[in-house]
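Novice: Have a look at this fold, sequence not included:
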């Protein structure tokens with residue numbers, strides 16, 4: 001099990017580097033577009049579309065990383081009042097429900113690829129398969145990371161408590 005978790009963490013590290021590179025390239029493209037449009041008065045016809053596609057990939061790949069590191073937006077008030085074992089089971093149930101959603105997203109994303117395979121983007125001229133591939137890739141990575149989170153929850157004795165729970169336990173004002 002440890003080997004599988006290490007493989008997932010290595011995969012996530014690679015995905016993290018890819019996301020960082022995509023953010024850097026997207027920023028450079030946007031700055032180049034601003035300079036070309038407002039300073040040189042020669043707008044780049046492809047830059048907005050390229051930045052948009054990079055943003056889509058960044059969101060889908062970055063979401064899988066956020067899921068693995070427990071950084072997704074969540075309302076944690078109910079779990080904080082539960083006993084540690086019940087809290088752990090609630091988190092596992094939430095991850096299982098999430099996996100069902102990610103599987104649906106994966107299947108629908110693959111179906112979408114069949115629909116857009118003959119389309120070509122207007123600005124860059126690439127097949128629309130490339131931008132839409134972000135959906136199944138991101139969904140697959142989220143499935144992998146959700147399974148890793150479940151394994152982590154079930155194998156670790158230590159259950160995290162947030163700062164909110166610590167404050168509530170002490171009876172201090174927020």
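Specialist: Structure's in. What do you need? All figures in this text were calculated on a predicted structure; none of them were measured in a lab.

Novice: show me what contacts residue 147?
Specialist: residue 99 (Cβ atoms under 8 Å, 6 or more residues apart in numbering). Yep, even glycine has a C-beta here, placed from its N, CA and C like the rest.

Novice: three-state assignment of it?
Specialist: Following DSSP: H, G, I helix; E, B strand; the rest coil, residue 147 is assigned to helix.

Novice: Per-residue pLDDT of it, please?
Specialist: At residue 147, the model reports a pLDDT of 96.

Novice: swap in residue 80?
Specialist: Confidence score, pLDDT, at residue 80: 86.

Novice: could you say which helix or strand contains it?
Specialist: helix 77-81 (DSSP states H and E).

Novice: Pull out the buried positions in that helix.
Specialist: Residues 79-80 are the ones in helix 77-81 that count as buried (16 or more other Cβ atoms under 10 Å).

Novice: quick one: contacts for residue 95?
Specialist: 146, 149-150, 153.

Novice: picking that back up, helices and strands around the helix holding residue 80, which ones?
Specialist: Applying 3 or more Cβ pairs under 8 Å, 6 or more residues apart in numbering; DSSP states H and E, we find helix 77-81 packed against helix 84-116, helix 163-170.

Novice: Can I get the ones you listed in CSV including distance to residue 9?
Specialist: Shown next, in CSV, are the helices and strands packed on helix 77-81 (distance: least, Cβ to Cβ, whole Å):
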stretch, distance to residue 9
helix 84-116, 17
helix 163-170, 25
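
Novice: right, so these: which one is the most enclosed?
Specialist: helix 84-116 (a mean of 15; mean count of other Cβ atoms under 10 Å).
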